[in-house]
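Asks: output the structure for:
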Amino acid sequence: MRGLEKVWLLAVLLPACATFPQMARHADPLTPRQHLQLGAVYEAQGQADNAAAQYEAAIKADRKYLPGHLALGNLAFAAGDMAKAETHYRRARRLDPRDAAANNNLAMVYLTVGKNLDKAERYAERALEQGGPLRPYVLETLTELYLREGRVLEARIAQKAAEESAPADNKELQARIAKNREQLPAKLK
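Replies: Modelled structure (predicted):
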């Protein structure tokens with residue numbers, strides 16, 4: 001091929017290449033927080049798989065996005081997959097060892113499976129130190145832990161504090177607190 005023919009061939013073929021499908025990667029237009037919000041909508045609609053995909057996308061966008069790990073842990077916990085829940089809560093704790101939700105939720109995993117109860121207590125106590133809106137949940141966790149270990153006086157103290165701090169309109173938490181109250185020996189109620 002002569003030089004002129006090569007130029008003519010390139011002039012004809014290059015514009016045609018522009019119509020080929022592009023293999024370029026597009027940037028995710030959503031922020032981790034937006035993925036988390038979308039996942040919460042899916043979760044509220046009972047679409048756990050779609051919710052998990054959004055939470056995973058949040059973590060893919062930012063590996064250190066603690067709320068994404070908590071959300072995946074919560075989904076796994078609700079599905080009864082304690083090993084997966086533990087993995088995500090431990091990752092969240094690694095990102096922020098003082099995070100109340102990560103500590104309390106990991107304590108709940110250990111309490112649910114009945115192992116590492118000493119760690120569960122430490123994590124719940126660390127969560128309780130943070131105060132805030134999770135306080136009644138942490139107190140409920142501690143009540144359940146103390147009841148499991150037969151530490152009735154400590155269970156009663158935590159139970160009373162949980163009852164006093166739990167929002168009256170939170171029916172799920174109120175039901176868990178009531179269940180713990182029923183397990184307390186009658187003379188200490």
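Asks: export the host helix or strand of Gln159 as CSV, just CAs?
Replies: For Gln159, the host element (DSSP states H and E) is helix 152-165. Presented in CSV, the C-alpha positions along helix 152-165 are these (Å, rounded to 0.1, in the frame of the first residue of the first chain):
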residue,chain,number,x,y,z
VAL,A,152,-30.4,-11.1,88.1
LEU,A,153,-29.6,-7.9,90.1
GLU,A,154,-27.6,-6.4,87.2
ALA,A,155,-30.4,-7.5,84.8
ARG,A,156,-32.9,-5.7,86.9
ILE,A,157,-30.9,-2.4,87.0
ALA,A,158,-30.4,-2.5,83.2
GLN,A,159,-34.0,-3.4,82.7
LYS,A,160,-35.2,-0.4,84.8
ALA,A,161,-32.9,2.0,82.9
ALA,A,162,-34.1,0.5,79.5
GLU,A,163,-37.7,1.0,80.5
GLU,A,164,-37.1,4.6,81.6
SER,A,165,-35.2,5.6,78.4
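Asks: just want the most central residue of this structure.
Replies: By CA atoms, centre = their mean, the chain has its centre lying nearest to Leu70, at 1.9 Å.
Asks: shaky segments in this protein?
Replies: Low-confidence segments of the chain, defined by pLDDT under 70, are located at 1-26, 186-189.
Asks: how about the helices in it?
Replies: In the chain, the helices defined using DSSP state H lie at 3-17, 32-44, 48-61, 66-78, 82-95, 100-113, 117-129, 135-148, 152-165, 171-183.
Asks: what does the third one contact?
Replies: Around helix 48-61, the neighbours that count as contacts under CB atoms under 8 Å, 6 or more residues apart in numbering are 28, 30-33, 35-36, 38-40, 42-43, 65, 67-69, 71-72, 75, 78-79. Heads up, the C-betas are built off the backbone N, CA and C, glycines and all.
Asks: can you say which of the residues you listed are buried?
Replies: Listed as buried from the contacts of helix 48-61 are 32, 35-36, 38-39, 42-43, 65, 67-69, 71-72, 75; burial here means 16 or more other CB atoms under 10 Å.
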